[in-house]
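Participant: 3D, please:
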Amino acid sequence: MRVLGEARRLRSDRRRAHRLRHGHAATAVTGTDPSHLHVFVRGANDHVWRKAWDGRAWGLWEDLGGLLTAAPAVTGRRDALYVAVRSRDKHAWLRMWDGRAWSEWKDIGGVLNDAPAVVARGRRLDVFVRGPNDELWHKSGDVYTWGQWEALGGILTSAPAVVASGTDGIDVFTRSRDNHLWHKAWHGRKWGEWEDLSGALTSGPAAAAAGTRMEVVVRGEDNHVWRKAWDSRAWSAWEDLGGLLVSGPAIAVAGTRTHVFGIGEDGHLWHREGESGRWSDWASLGAP
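Facilitator: So this is what the prediction gives:
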């Protein structure tokens, strides 16, 4: 009976992996403190699914609803999480965890050509999207009250990624028509010019920051994860982190450790972590 039960479980896992793989699942991840991580994926039912690390073990998958047409995006503070998605109406929708319960989904509008990106700076949220004419568009607010959308130019071929850096900085990363990584920064008073960071991207970028340190990961032409880091003085060369991904990767910095996630060819969520240049092996976290 145990053998029969194990066989059924394996068949169920394969079916979930198949649905996840062909459902174009993708990941987003954030850390609310050095010991807690929250990973979000687009599941086979087009809902947002969440899996959390509490410093000791990974929890079960949690279905947060929604009707996604692209990957989710997430940002957080110690006392809150914010998930942004593109729904079937091509609007950006937002849901918040306040430490006790999840809010209802809130429509913040827009005309999105891909997944949104979101970053929290104190109580302020900044949302970035690939919008009309494939330009970068930006909107800011405080969950309940929002400004107008503004165009920031560029020619995007995937969803953007965004991090808050320093005391009042914002750094946005995109893929353009040359498949390079491009960067645009807000310095507290005005936006800088677009900066070409090279690469050979086959996905949109993902980014994470801690203080003035920034890390960006992408899927390369070999379907590996490739990483580029800013140490407050200069950008590093591209580093190959391996893996075989079917969608763009996700990244979070928790304390001194960097965590990278991606959907593998088996439809499972895979995880690798590193510190001071030393990286663990890839490990499977299963599929919702």
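Participant: So which elements touch the helix or strand hosting Asp126?
Facilitator: Element membership for Asp126, per DSSP states H and E: strand 124-130. Applying 3 or more Cβ pairs under 8 Å, 6 or more residues apart in numbering; DSSP states H and E, one finds that strand 124-130 makes contact with strand 80-86, strand 92-97, strand 117-121, strand 136-141, strand 169-175. (Each C-beta comes from the backbone N, C-alpha and C, glycine too.)
Participant: what's it in contact with?
Facilitator: Strand 124-130 is contacted from outside by 75, 82, 84, 86, 92, 94, 108, 110, 112-114, 116-119, 136-143, 156, 158-160, 162, 170, 172, 174, using Cβ atoms under 8 Å, 6 or more residues apart in numbering.
Participant: Show me which residues of that strand are buried.
Facilitator: Leu125, Asp126, Val127, Phe128, Val129, Arg130 (16 or more other Cβ atoms under 10 Å).
Participant: and what of stretch 95-111?
Facilitator: Arg95, Met96, Trp97, Trp105, Ile108, Gly110.
Participant: swap in stretch 201-211?
Facilitator: Leu201, Thr202, Ser203, Gly204, Pro205, Ala206, Ala207, Ala208, Ala209, Ala210.
Participant: Next: stretch 41-50.
Facilitator: In stretch 41-50, counting by 16+ other Cβ under 10 Å, buried: Val41, Arg42, Gly43, Ala44, Asp46, His47, Val48, Trp49, Arg50.
Participant: now do stretch 79-98
Facilitator: 81-87, 90-97.
Participant: Show me which of these is closest to Ala28.
Facilitator: Val83 (7.8 Å; Cβ to Cβ).
Participant: now the closest one: how far from Val29?
Facilitator: Per Cβ to Cβ, to the nearest Å, Val83 is found 11 Å from Val29.
Participant: What of Asp98?
Facilitator: Taking Cβ to Cβ, one finds Asp98 at 20 Å from Val29.
Participant: ok, now Val218?
Facilitator: 15 Å.
Participant: same thing with Asp281?
Facilitator: 18 Å.
Participant: between those two, which one's more packed in?
Facilitator: Val29 (25 against 8; other Cβ atoms under 10 Å).
Participant: so who does the more buried one touch?
Facilitator: Counting by Cβ under 8 Å, 6+ apart, the residues that Val29 touches are Leu37, His38, Val39, Phe40, Val74, Ala250, Ile251, Ala252, His259, Phe261.
Participant: who does the host helix or strand of the fourth one pair up with?
Facilitator: Per DSSP H and E, Phe40 falls inside strand 36-42. Under the criterion DSSP bridges, strand 36-42 sits next to strand 27-33 (antiparallel), strand 48-53 (antiparallel) in its sheet.
Participant: can I get those in TSV with distance to Pro288 and mean pLDDT?
Facilitator: Formatted as TSV, the strands paired with strand 36-42 follow (distance: least, Cβ to Cβ, whole Å; pLDDT from 0 to 100):
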stretch	distance to Pro288	mean pLDDT
strand 27-33	11	80
strand 48-53	4	94
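Participant: Dump those to CSV, plus distance to Ser236.
Facilitator: Listed next are the strands paired with strand 36-42 as CSV, based on distance: least, Cβ to Cβ, whole Å:
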stretch, distance to Ser236
strand 27-33, 21
strand 48-53, 26
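Participant: can you list the weak-confidence ranges in this structure?
Facilitator: 1-26 (pLDDT under 70).
Participant: All good on my end, thank you.
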